[in-house]
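Colleague: Sequence and predicted structure, then a few things I'm wondering about:
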Amino acid sequence: MGLALLGPASLPALAALGGDVDSVQADGTHLKAELRAATPGAGYSVQQLELPSGTVVSEYVAPSGTVFGVSWHGPTMPNLHQLLGTYFQQYVAASSLARHNGATRRHFQIRQPDLIVQSGGRMRSYYGRAYVPSLLPANVTADDIQ
């Protein structure tokens with residue numbers, strides 16, 4: 001897979017999980033994200049965005065234009081409300097039921113039939129991913145979302 005580095009250009013749109021990549025205009029502005037790279041994949045494409053904090057967000061987009069997964073890594077956590085879009089309320093409800101003790105502070109996981117969120121890290125080194133299993137294109141697995 002080749003990496004097409006497009007350089008830092010203002011990004012007018014950042015699609016939320018489950019959203020249409022062409023229809024979400026306000027998100028990129030809200031996050032003040034810059035397009036870092038776009039990579040074509042086998043059966044999907046990945047858009048990498050760099051937030052002002054240095055955190056990199058990758059959006060996994062199906063050929064239909066639907067964002068089926070997002071991942072992040074960097075010194076700060078991204079705005080999950082913005083990234084998860086309509087799945088955010090489901091995330092909040094599920095996270096309120098999850099165990100929050102010393103063992104889960106660094107590693108957090110929500111596994112539901114239609115939403116998987118995995119997050120971890122420590123100060124200045126956060127990472128995670130979220131995806132909707134039913135939106136994964138054919139021949140794409142959860143392991144492709146990194």
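Modeller: In hand now; what should we look at?
Colleague: all contacts plus neighbour counts: C-alpha atoms, from now on.
Modeller: OK.
Colleague: and Leu83, which of the three is it?
Modeller: Assigned with DSSP: H, G, I helix; E, B strand; the rest coil, Leu83 falls in the helix class.
Colleague: what's the spacing between it and Tyr131?
Modeller: 11 Å (C-alpha to C-alpha, to the nearest Å).
Colleague: who does the most centrally placed residue in the chain bridge with?
Modeller: Residue closest to the average C-alpha location in the chain (C-alpha atoms, centre = their mean): Val70, at 2.0 Å. Counting by DSSP bridges, Val70 is bridged to Glu59, Ala130.
Colleague: wouldn't Thr39 be in contact with Ser45 here?
Modeller: Yes - in this structure, Thr39 is within contact of Ser45 by C-alpha atoms under 8 Å, at 5.7 Å.
Colleague: rewinding a little: return the residues in contact with the residue nearest to the centre of the chain.
Modeller: 17, 57-60, 83, 129-131, 145 (C-alpha atoms under 8 Å, 6 or more residues apart in numbering).
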